[in-house]
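> build me a structure from this.
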Amino acid sequence: MRIPDEIILQVSKPARYIGGEMNMVKKDVQNISIRFAFCFPDVYEVGMSNTGLQILYYFLNRREDTYCERVFSPWIDMEEVMRKENHALFSLETFDSIENFDFVGFTLQYEMSYSNIINMLDLGNIPILSEDRRENDPIVCAGGPCSYNPEPLADIIDFFYIGEGEVMLDKILDIYKENKQNKGTRNDFLEKLLHVEGVYVPKFYNVEYKKNGEIASFTKTHDDAKDIIRKVVVKDLDNVFFPSEQLVPLIETVHYRAVLEVFRGCIRGCRFCQAGYVYRPTREKSSGTLLCQSENLIESTGYDEISLVSLSTSDYTEFKEVSEGLLDKFSESKVNLSLPSLRVDSMSIDLMKRVQELRKSSLTFAPEAGTQRMRDVINKGITEKEILDGVKLAFDNGWGKVKLYFMIGLPTETEEDVLGIGELGDDIVNKYFEIPKEERKQPVNVTISTSCFVPKPFTPFQWEPQNTYEEFMEKQRLLKKNITRKQIRYNYHDAVLSSMEGAIARGDRRVGKAIIKAWELGARYDGWSEHFKPQIWEEAFSSVGLDISFYANRKRELTEILPWDHISIGISKKFLIQELMKSKEEALTPNCRQECVKCGAKSFGGGVCFE
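Got it, this is the predicted structure:
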C-alpha cells in the first residue's frame with residue numbers, strides 16, 4: 001500500500017507523507033480488532049515533535065489487539081493534489097483512508113488548529129457533525145490541553161477524553177471491543193462511556209442561552225451522564241508506561257532530538273498559565289528512571305541531542321543529579337543536553353559551564369513582565385535582582401546571547417509596565433558592560449520577544465477581558481519606539497491571530513458553527529500567520545450571528561455560567577477567584593513546595609501534595 005507517485009511528485013517535502021521512519025510500528029491489520037488513527041491537526045514537522053504523540057503511539061501499540069497509526073494535516077499543496085485526484089486522507093503506517101478506522105482521535109494542542117480538524121475529517125470522507133455520522137463511520141474523539149474547554153467542538157467530536165491518556169484509554173478500548181463483538185451500536189458505546197471517569201460525551205448535554213448571549217443553563221439529557229466530568233491523572237510517573245524508543249522523522253522537525261519527560265504539572269501557579277493549573281498536581285520521575293530512559297532513547301534513535309521537558313525543569317528536585325548524570329553518561333559520545341527555559345533564580349553555574357563545553361548557544365529566560373508590580377500581579381515569583389544576578393552570572397561565564405520572553409496585555413497592565421520591558425533589556429545590557437572589556441568573550445546580543453496575552457479557561461484570569469487588537473498593536477508600537485540600543489532586538493507579531501485565539505479559547509458551543517463556516521470559506525492552518533485570514537473569521541462569526549468581541553474582549557461576572565463549568569480539573573473555582581483577587585492586590589501566592597494553598601489538587605492523591 002503506497003501513495004501514487006503522481007501525487008507525491010507534485011508536492012514539497014514528500015517525506016511528510018511516505019512513513020517508514022525508524023521505529024515505526026508495523027502490524028498485520030487482518031489480525032487487529034481496533035484501528036486507531038492518531039490525528040495531529042498540523043503539519044508533519046510539528047506533530048512529530050509532540051511528546052504526547054510519541055508516548056501514546058507506543059502506549060496504544062503495546063496492545064496486541066490495537067494498531068495506532070499516525071495521520072497529519074496535509075500541507076496546502078498536498079491538499080490541493082489530494083482533492084484534485086480524489087484521494088482520501090490516509091495514515092502513514094498503512095496509507096489506508098481514515099474512514100476505515102474504528103477511532104479517529106485528535107490531539108487538541110492549539111485552538112487555531114480547529115479548522116484543520118474539520119478539513120481532515122472532510123478529506124477522510126467523515127461527516128463533520130457528530131449527529132450526521134452513520135454506524136460504519138469512525139468514532140471521533142479528542143483530548144489534549146484544549147479539551148478542557150471542549151464546547152467549541154462539541155457538535156463535531158463524539159467524545160472528549162479529559163486528562164492523561166495512560167489512565168483510561170485501555171478501559172475505553174476494552175469497552176469498544178466488547179461492544180463491537182456484541183454488535184452494539186455507536187450510541188450503545190457512547191452511553192457506556194458515560195460511566196468512564198474523564199470522558200465527556202457532548203450529545204448527552206443541552207445548552208440554553210440568555211438574550212444577552214450568556215449561558216442560561218447546562219443540563220444533562222441522559223440519566224447516566226455526570227453532572228461534572230473530572231479529569232484523570234497518573235499518580236506514579238516512575239511506573240507508568242514510557243516508550244523505550246521514539247519515532248525518528250525522515251526530515252528535520254521543530255524539535256529534532258530525543259525527549260525525556262521529567263515531570264508533569266508545575267508548582268509555581270503563574271496566574272496566566274493554563275498548563276500550570278490543568279496539569280496539577282506536580283508529579284516527578286526519579287533521577288534513576290530518567291537516566292535509564294535516556295539511555296534507551298539515545299540507543300534506539302541515534303540522536304545527538306537529548307532534551308529535558310516539563311513546564312519548569314529547574315524546579316525538578318533532582319535536576320542537578322539528572323543533568324550532571326546525563327552529561328557524564330553522554331559526554332564521550334558528544335550527545336548534547338538541551339535545557340529549556342530556566343528560572344534564573346535557580347540556575348547552576350557548574351551545569352552552565354559543562355553544557356557550554358559541548359555546544360554554546362543563547363540562553364533563554366522568561367520574565368513574562370517588565371516591572372516588578374506586573375510580575376507580582378501574575379504571581380511570577382521572581383524579583384528584578386534575581387533576574388539581573390542570573391544574567392550577570394551567565395555573562396561572567398562566557399555567554400553573550402540572551403533571549404527574553406514577555407507578554408503584553410496582561411490584566412491591570414499600564415504604559416509604565418509596557419515600557420518596563422525595554423528598560424529591563426537595557427539593565428541586562430548594562431550588566432554585560434560591567435565586565436571589564438578585556439574579559440568580554442563575545443559581543444552582547446539581547447533579543448526581546450513579546451506575545452499577546454490570551455485569557456484561558458481554568459486560570460484566575462478566565463473572567464478578564466482580553467486587549468483589543470488596537471490596544472495590542474499600540475503597546476507593541478510604543479515598546480518598539482522606546483527600544484533604541486543596538487544590542488537589543490525586538491521581535492513581535494501582528495496581534496490579529498491572538499485576538500481570534502482569545503475568542504475561540506473561551507468560546508461556547510455556538511462557536512463551532514463559526515469554525516465550520518470559516519473552514520467553508522477557506523480557513524486552513526490558522527496557527528500559521530502567513531495562512532491566517534482574519535477577514536474570513538470575521539465573516540464567519542458574523543454570518544452565524546456571533547460577535548467576536550463578546551468572547552474575546554468582554555469581562556465575565558464571577559457568577560456567570562462558563563462554557564467549561566461542567567469540567568473539573570480538581571482546582572476549585574473558589575481558589576481561582578481568590579487568586580484573581582490577590583492579583584488585584586499584587587499579592588503573591590507561595591509555590592506548592594513552600595506551602596499547600598489548598599487549591600484542590602490534593603484530591604487526586606499523589607504528587608507534590610503528599611511529599
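
> low-confidence bits of this structure, can you list those?
By pLDDT under 70, the weakly predicted segments of the chain are 1, 340-362.

> how about 50 then?
Residues of the chain meeting the criterion pLDDT under 50: 345-347, 358-359.

> Glu178 belongs to a helix, doesn't it?
Yes. Counting by DSSP: H, G, I helix; E, B strand; the rest coil, Glu178 is part of a helix.

> tally of neighbours for it?
Around Glu178 there are 12 other residues, counting by other C-beta atoms under 10 Å. Heads up, the C-betas are built off the backbone N, CA and C, glycines and all.

> one more: Thr559?
5.

> is it true that it lies in a helix?
No. Using three-state DSSP, the assignment for Thr559 is coil, not a helix.

> please enumerate the strands of the stretch 51-200 of the chain.
Counting by DSSP state E, counting those that start in this stretch, the stretch 51-200 of the chain has these strands, from start to end: 66-72, 103-107, 139-143, 159-161, 199-200.

> contact partners of the shortest one?
Spelled out, that is strand 199-200. 150, 159-162, 168, 172, 193, 229, 566-567 (C-beta atoms under 8 Å, 6 or more residues apart in numbering).

> and which of these is nearest Ile536?
Pro150 (23.6 Å; C-beta to C-beta).

> ok, back up a step: in CSV, list the contacts of strand 199-200 along with distance to Met500 and neighbour count.
Output for these, formatted as CSV (distance: C-beta to C-beta, whole Å; neighbours: other C-beta atoms under 10 Å):
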residue, distance to Met500, neighbour count
Pro150, 19, 25
Phe159, 26, 26
Phe160, 22, 26
Tyr161, 26, 26
Ile162, 24, 23
Met168, 32, 19
Ile172, 33, 21
Leu193, 32, 24
Ile229, 27, 23
His566, 25, 20
Ile567, 23, 23
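
> mind listing which of those are in helices?
Using DSSP state H, the members of these that fall within helices are 168, 172, 193.

> what is the neighbour count of the residue nearest to Tyr110 when sequence neighbours are not counted?
Distances taken as C-beta to C-beta, 6 or more residues apart in numbering place Gly527 nearest to Tyr110, at 5.5 Å, with adjacent residues excluded. When neighbours are counted by other C-beta under 10 Å, Gly527 registers 20.

> which ones are touching Gly527?
Counting by C-beta under 8 Å, 6+ apart, Gly527 touches 42, 110, 112-113, 497.

> hey, what's Tyr200 bridged with?
On the basis of DSSP bridges, Tyr200 is bridged to Phe160.

> now for the residue nearest the centre of the chain: which residues touch it?
Most central in the chain under C-alpha atoms, centre = their mean is Gln109, positioned 4.3 Å from the mean C-alpha point. For Gln109, the contact set (C-beta under 8 Å, 6+ apart) comprises 40-42, 50, 144-146.

> ok, now with 7 Å
By C-beta atoms under 7 Å, 6 or more residues apart in numbering, the contact list for Gln109 reads 50, 144-146.

> sorry, back to before: for Asn100, state which of the ones in helices among the contacts of strand 199-200 is nearest.
Taking C-beta to C-beta as the measure, Ile172 is the one of the ones in helices among the contacts of strand 199-200 closest to Asn100, at 19.8 Å.

> dihedrals phi and psi, the closest residue in space to Met22 that isn't next to it in sequence?
Counting by C-beta to C-beta, 6+ apart, Val248 is the residue found nearest to Met22 once chain neighbours are left out, at 4.1 Å. When read as degrees, to the nearest 10, the backbone of Val248 gives phi -110, psi 110.

> residues contacting Val248?
Neighbouring residues of Val248 by C-beta under 7 Å, 6+ apart: 21-23, 301.

> what about those, which are in helices?
Among these, the ones falling in helices (DSSP H) are Thr301.

> of the contacts of Val248, select the buried ones using a ChimeraX command.
To isolate the buried ones among the contacts of Val248 in ChimeraX, judged by 16 or more other C-beta atoms under 10 Å, type:
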select :21,301
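
> got the contacts of Val248 as TSV, with distance to Asn467 columns?
Shown next, in TSV, are the contacts of Val248 (distance: C-beta to C-beta, whole Å):
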residue	distance to Asn467
Glu21	42
Met22	46
Asn23	45
Thr301	43
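
> out of the contacts of Val248, who's nearest Asn125?
Out of the contacts of Val248, the member with the shortest distance to Asn125 (by C-beta to C-beta) is Glu21, at 26.1 Å.

> so that closest one sits against Pro249, correct?
Yes. In this structure, Glu21 is within contact of Pro249 by C-beta atoms under 7 Å, at 6.0 Å.

> list the contacts of stretch 117-133.
39, 41, 73, 79, 82, 88-89, 97-99, 104, 106, 137-138, 140, 155-158, 203, 515-516, 519, 524.

> now the end-to-end length of that stretch.
With C-alpha to C-alpha, to the nearest Å as the measure, stretch 117-133 spans 16 Å from end to end.

> buried residues in it?
Across stretch 117-133, burial judged by 16+ other C-beta under 10 Å covers 117-124, 126, 128, 130, 133.

> same deal with stretch 280-298?
280-285, 287, 289-291, 293-294, 297-298.

> could you dump the residues you listed to JSON lines with secondary structure?
As requested, the buried residues of stretch 280-298 are exported to JSON lines (three-state DSSP):
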{"residue": "Arg280", "secondary structure": "coil"}
{"residue": "Pro281", "secondary structure": "coil"}
{"residue": "Thr282", "secondary structure": "coil"}
{"residue": "Arg283", "secondary structure": "strand"}
{"residue": "Glu284", "secondary structure": "strand"}
{"residue": "Lys285", "secondary structure": "coil"}
{"residue": "Ser287", "secondary structure": "helix"}
{"residue": "Thr289", "secondary structure": "helix"}
{"residue": "Leu290", "secondary structure": "helix"}
{"residue": "Leu291", "secondary structure": "helix"}
{"residue": "Gln293", "secondary structure": "helix"}
{"residue": "Ser294", "secondary structure": "helix"}
{"residue": "Leu297", "secondary structure": "helix"}
{"residue": "Ile298", "secondary structure": "helix"}
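
> now render those as JSON lines, adding distance to Asn467.
Listed next are the buried residues of stretch 280-298 as JSON lines, based on distance: C-beta to C-beta, whole Å:
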{"residue": "Arg280", "distance to Asn467": "27"}
{"residue": "Pro281", "distance to Asn467": "32"}
{"residue": "Thr282", "distance to Asn467": "31"}
{"residue": "Arg283", "distance to Asn467": "35"}
{"residue": "Glu284", "distance to Asn467": "36"}
{"residue": "Lys285", "distance to Asn467": "39"}
{"residue": "Ser287", "distance to Asn467": "43"}
{"residue": "Thr289", "distance to Asn467": "43"}
{"residue": "Leu290", "distance to Asn467": "40"}
{"residue": "Leu291", "distance to Asn467": "45"}
{"residue": "Gln293", "distance to Asn467": "42"}
{"residue": "Ser294", "distance to Asn467": "42"}
{"residue": "Leu297", "distance to Asn467": "42"}
{"residue": "Ile298", "distance to Asn467": "44"}
